[in-house]
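# Have a look; sequence and predicted model below, questions after that.
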Amino acid sequence: MIIDCHGHYTTTPPGVAAWRDAQKEAVAANPDHISEKGMMTVTDDEIRESIEGNQLRVQQERGTDVTVFSPRASWMGHHVGNASTSQAWTEHCNDLIRRVCNLFPNNFVPVCQLPQSPQTPIETSIAELRRCAEEMEFIGCNLNPDPSGGYWKDVPLGDKYWYPLYELMCELDVPAMIHVSGACHPAMHTTSSYYLGADTTAFVHFMMSDVFTDFPSIKFIIPHGGGAVPYHWGRFRGMAQDMGLGDLNERVLGNIFFDTCVYHQDGIDMLTKVIPVENILFASEMIGAVRGIDPKSGHYYDDTKRYIDATPNLDDAARKLIFEGNSRRVFSRFPL
């Protein structure tokens, strides 16, 4: 089985955007507007149509089997409105993911977003993670290290503010993929500098913290190939050494994993050379940030299975770990 650990519902039916636009209009008119969940009008047939011609088609064309599926990351929009805005929107987004997985149970398994408005109590995220994992059989969550959308108003991931959520992740045995949402800061572009910079920043938060000492069984996935981390592994090793943090591999690789959302062969070759194979999970992000065809290869940039198949750094056993074994180990609640 080939498991893609990183996919988003980027092709939602029109009713989803219509509900969100109405919510945004209400909170723009009154910043204190209390959002009610209400109804989102999306039929099963609309969901089927949105998936069959997009993610399911691409799965079949590229020879993958199952996608670990979560709401559209750039639409999480934790910076929009107030805590009630994020709460209602998040519940709808997660409910939609559950519906997709119910309609296509052999092709998609669910991961949730959390209602992380900036500088709000972590308890709202705890309640939603528990709802999704215990009531709807979600197998993981996406954790936004910067709900403010580029202004980094919240505390680092090593701060004890996060610890109640980490405790629940360990209790439920669900991992978190680190994933920011849309960038509000004018100096940042959402799916390039902001995503990759946030991935790198989150890694440093963990490297410099006691999270893995305090939660030895916790698991985090740093997406997009780990941002700049694998490319600068020597720099981070040296920093850890200079700061008295010990050996970097021993400090983080029991708890941090990297996906393969790296859109060129040289990048995958470097990732698989620097990072131990046990810490790499296959992913494509499809249908995601980069949707075009690479003129150098003649294939889609995000057809990352080709890069794993072609790299000289892996044997068949290593490829099987990346394609399946590591995802099953990280997502211990994987149902298929």
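Sure, I can see it. Note that the structure is a prediction, hence the values are computed from the model and not measured.

# can you give me the strands in this protein?
Listed in chain order, the strands of the chain (DSSP state E) span 3-9, 66-71, 108-110, 141-143, 176-178, 220-222, 256-259, 280-281.

# okay, these in JSON lines with mean pLDDT and distance to residue 335 next?
The C-beta positions use only the backbone N, C-alpha and C, and glycine is treated the same way. Shown next, in JSON lines, are those (pLDDT from 0 to 100; distance: least, Cβ to Cβ, whole Å):
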{"stretch": "strand 3-9", "mean pLDDT": "98", "distance to residue 335": "12"}
{"stretch": "strand 66-71", "mean pLDDT": "98", "distance to residue 335": "10"}
{"stretch": "strand 108-110", "mean pLDDT": "98", "distance to residue 335": "6"}
{"stretch": "strand 141-143", "mean pLDDT": "98", "distance to residue 335": "16"}
{"stretch": "strand 176-178", "mean pLDDT": "98", "distance to residue 335": "18"}
{"stretch": "strand 220-222", "mean pLDDT": "98", "distance to residue 335": "18"}
{"stretch": "strand 256-259", "mean pLDDT": "98", "distance to residue 335": "20"}
{"stretch": "strand 280-281", "mean pLDDT": "98", "distance to residue 335": "17"}
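
# Looking at those strands, spot the one closest to residue 199.
strand 220-222 (5.2 Å; Cβ to Cβ).

# Per-residue pLDDT of the closest residue in space to residue 166 that isn't next to it in sequence, please?
For residue 166, ignoring the flanking residues on the chain, the nearest one in space by Cβ to Cβ, 6 or more residues apart in numbering is residue 215 at 5.0 Å. Per-residue confidence (pLDDT) for residue 215: 98.

# number of nearby residues for residue 215?
A total of 16 residues lie near residue 215 under the criterion other Cβ atoms under 10 Å.

# ok, now residue 112?
27.

# Pull up the gap between it and residue 23, please.
19 Å (Cβ to Cβ, to the nearest Å).

# can you map out the helices along the stretch 101-250 of the chain?
In the stretch 101-250 of the chain, the segments counted as helices under DSSP state H, counting those that start in this stretch are 123-130, 136, 163-172, 195-207, 211-214, 233-242, 248-252.

# residue contacts, residue 172?
The contact partners of residue 172, taken as Cβ atoms under 8 Å, 6 or more residues apart in numbering, are 129-130, 133-134, 333.

# can you list those residues in a markdown table and add neighbour count, pLDDT and distance to residue 235?
As requested, the contacts of residue 172 are exported to a markdown table (neighbours: other Cβ atoms under 10 Å; pLDDT from 0 to 100; distance: Cβ to Cβ, whole Å):
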| residue | neighbour count | pLDDT | distance to residue 235 |
| --- | --- | --- | --- |
| 129 | 25 | 98 | 33 |
| 130 | 13 | 98 | 38 |
| 133 | 22 | 98 | 36 |
| 134 | 10 | 98 | 41 |
| 333 | 14 | 98 | 35 |
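
# Report the two of those residues separated the most.
130 and 333 (13.6 Å).

# end to end, how far does stretch 151-160 reach?
20 Å (Cα to Cα, to the nearest Å).

# List the buried residues in it.
154, 156-158 (16 or more other Cβ atoms under 10 Å).

# ok so, going back, okay, the strands of the chain in a markdown table with mean neighbour count and distance to residue 118 next?
As requested, the strands of the chain are arranged in a markdown table below (neighbours: other Cβ atoms under 10 Å; distance: least, Cβ to Cβ, whole Å):
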| stretch | mean neighbour count | distance to residue 118 |
| --- | --- | --- |
| strand 3-9 | 26 | 22 |
| strand 66-71 | 25 | 18 |
| strand 108-110 | 25 | 25 |
| strand 141-143 | 24 | 14 |
| strand 176-178 | 24 | 17 |
| strand 220-222 | 25 | 21 |
| strand 256-259 | 25 | 25 |
| strand 280-281 | 26 | 29 |
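
# Go through the ones you listed and name the closest to residue 211.
Closest among those, using Cβ to Cβ: strand 220-222, at 8.7 Å.

# quick one on the thing from earlier: possible to save the buried residues of stretch 151-160 as CSV with distance to residue 247 and pLDDT?
Output for the buried residues of stretch 151-160, formatted as CSV (distance: Cβ to Cβ, whole Å; pLDDT from 0 to 100):
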residue, distance to residue 247, pLDDT
154, 30, 94
156, 22, 98
157, 21, 98
158, 19, 98
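
# Please tabulate those in a markdown table, including the columns distance to residue 61.
Shown next, in a markdown table, are the buried residues of stretch 151-160 (distance: Cβ to Cβ, whole Å):
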| residue | distance to residue 61 |
| --- | --- |
| 154 | 40 |
| 156 | 41 |
| 157 | 37 |
| 158 | 41 |
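
# now, which of those sits nearest residue 182?
residue 154 (15.9 Å).

# Torsion angles phi and psi at the closest one?
With angles defined as degrees, to the nearest 10, residue 154 sits at phi -90, psi 170.

# Tell me which of the helices of the stretch 101-250 of the chain sits most buried.
helix 195-207 (a mean of 21; mean count of other Cβ atoms under 10 Å).
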